[in-house]
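K.L.:
Can you look at this prediction? I've put the sequence above it.
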Amino acid sequence: MRAIVYTQYGPPEVLRLEEVPKPVPKENEVLVKVHFTTVNRTDCGFRRPDYFIVRLINGMFSPKVKILGSEFSGTIESTGNKVSRFKEGDEVFGLITRKFGAHADYMIVSESGSIAHKPNNFSFEEAAAVCDGLMLANGFLKDLDYSKPQKILINGASGSIGTAAVQLAKYFGATVTAVCNTRSQELVRSLGADQVIDYTKTDFTLAGNDFDFIFDAVGKSSFFKCRKLLKPKGVYVSTEFGFLSQNIFLTLFTPIFRRKGVKFPIVTDSPEDIMFFKKLIESGKYRAVIDRRYPLADIREATKYVETKEKTGNVVIEVR
């Protein structure tokens, strides 16, 4: 089968299209024929590990996992003899953030993993382009107390995580101020944002001081720049560690002062989340946002585009 393989850390050029053996599922696993996948920030972060923790997870000097790709949609090709949830031919989608493997014609997924039957109102392409952004946005937003009014600012509202965060925050009942560039304003409004700030024209840190929660979905700002926007006891979160990993240390020390603080939750995929995403999609409360599409052979170009940090929504890879 075809797969995108990398055996050393580095720029997009380390990615190679190769023929590799087709995997065989164990008794509690399924073999998925991949139709669509994505290139996302997680893939890029593991290919070129800017953070030391990635090397601790995936190998100090060379990657242990050699086929990336965490989001997928496809059909069940075969199953292990103890699998009961799925059968051959089932249409599925999901997320696999520990072992990866979706940048290939076939991949192995545990039956108990983050996999579910594809939403019946989504195409394979759409289904592949939702789980990573939703997982990260949900991990940051789900624990807010929505029994009280929540006023949320989302910086980077047009990316894969940002578009998911806008839709989720509105689903949960929050009032949303979204920060994005000029060309993405109408899209972000259509996703439900109550107010949109064009960062190319306006400094969003001048937006007032009455936010309960600030979600930096692109990691381009900081707590120190944003804290004046927060109410007393307001919270700042970011998808990045920040300069000198400051968000980790601020998470530990800001609660001591019991005022404005930083949180940095560790977010992982779960089967329960995927079922929630499926329910959200099938109820018409969520839509996929797709920027560009590339064939598997052009994954280097897709990766370069993702790393411009100018994409709107998701970059999809067609495998089938």
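P.N.:
Everything's here; your move. Numbers count the residues shown, from 1 in each chain.

K.L.:
Report the helix or strand with the lowest average pLDDT across this protein.
P.N.:
Within the chain, no helix or strand scores below helix 246-257, which has a mean of 74 by mean pLDDT, DSSP states H and E.

K.L.:
Give me the contact list for it.
P.N.:
With contact meaning CB atoms under 8 Å, 6 or more residues apart in numbering, helix 246-257 is reached by 222-223, 238, 240-242, 260-264. Every C-beta, even on glycine, is put in place using the N, C-alpha and C of the backbone.

K.L.:
Parallel or antiparallel, list what pairs with whichever helix or strand comes after that helix.
P.N.:
Beyond helix 246-257 in the direction of the C-terminus, DSSP states H and E gives the next helix or strand as strand 261-263. If you go by DSSP bridges, strand 261-263 pairs up with strand 230-238 (parallel).

K.L.:
ranges for the helices of the stretch 51-200 of the chain?
P.N.:
52-58, 124-128, 131-141, 160-172, 185-190 (DSSP state H, counting those that start in this stretch).

K.L.:
ranges for the strands of the stretch 51-200 of the chain?
P.N.:
71-79, 91-95, 106-110, 115-117, 151-155, 175-180, 195-198 (DSSP state E, counting those that start in this stretch).

K.L.:
what angle separates the fifth one from helix 160-172?
P.N.:
What that stands for is strand 151-155. Computed by axes from the mean of the first three to the mean of the last three CA atoms, to 10 degrees, the angle separating strand 151-155 from helix 160-172 equals 170 degrees.

K.L.:
Given strand 151-155, what are its sheet partners and their directions?
P.N.:
strand 175-180 (parallel), strand 211-216 (parallel).

K.L.:
Then the third one?
P.N.:
Within its sheet, strand 106-110 is paired with strand 29-39 (antiparallel), according to DSSP bridges.

K.L.:
got a list of what the residue nearest to residue 215 when sequence neighbours are not counted touches?
P.N.:
Closest residue to residue 215 apart from its sequence neighbours, by CB to CB, 6 or more residues apart in numbering: residue 154 at 4.9 Å. For residue 154, the contact set (CB under 8 Å, 6+ apart) comprises 162, 165-166, 169, 176-179, 193, 215, 217.

K.L.:
Report the buried members of the residues you listed.
P.N.:
162, 165-166, 169, 176-179, 193, 215, 217 (16 or more other CB atoms under 10 Å).

K.L.:
Tabulate the helices of the stretch 51-200 of the chain (JSON lines), appending distance to residue 207.
P.N.:
Output for the helices of the stretch 51-200 of the chain, formatted as JSON lines (distance: least, CB to CB, whole Å):
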{"stretch": "helix 52-58", "distance to residue 207": "32"}
{"stretch": "helix 124-128", "distance to residue 207": "32"}
{"stretch": "helix 131-141", "distance to residue 207": "19"}
{"stretch": "helix 160-172", "distance to residue 207": "16"}
{"stretch": "helix 185-190", "distance to residue 207": "15"}
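
K.L.:
who wins for proximity to residue 312 among those?
P.N.:
helix 185-190 (6.6 Å; CB to CB).

K.L.:
And that closest one, what's buried?
P.N.:
Buried, per 16+ other CB under 10 Å, within helix 185-190: 185, 187-188.
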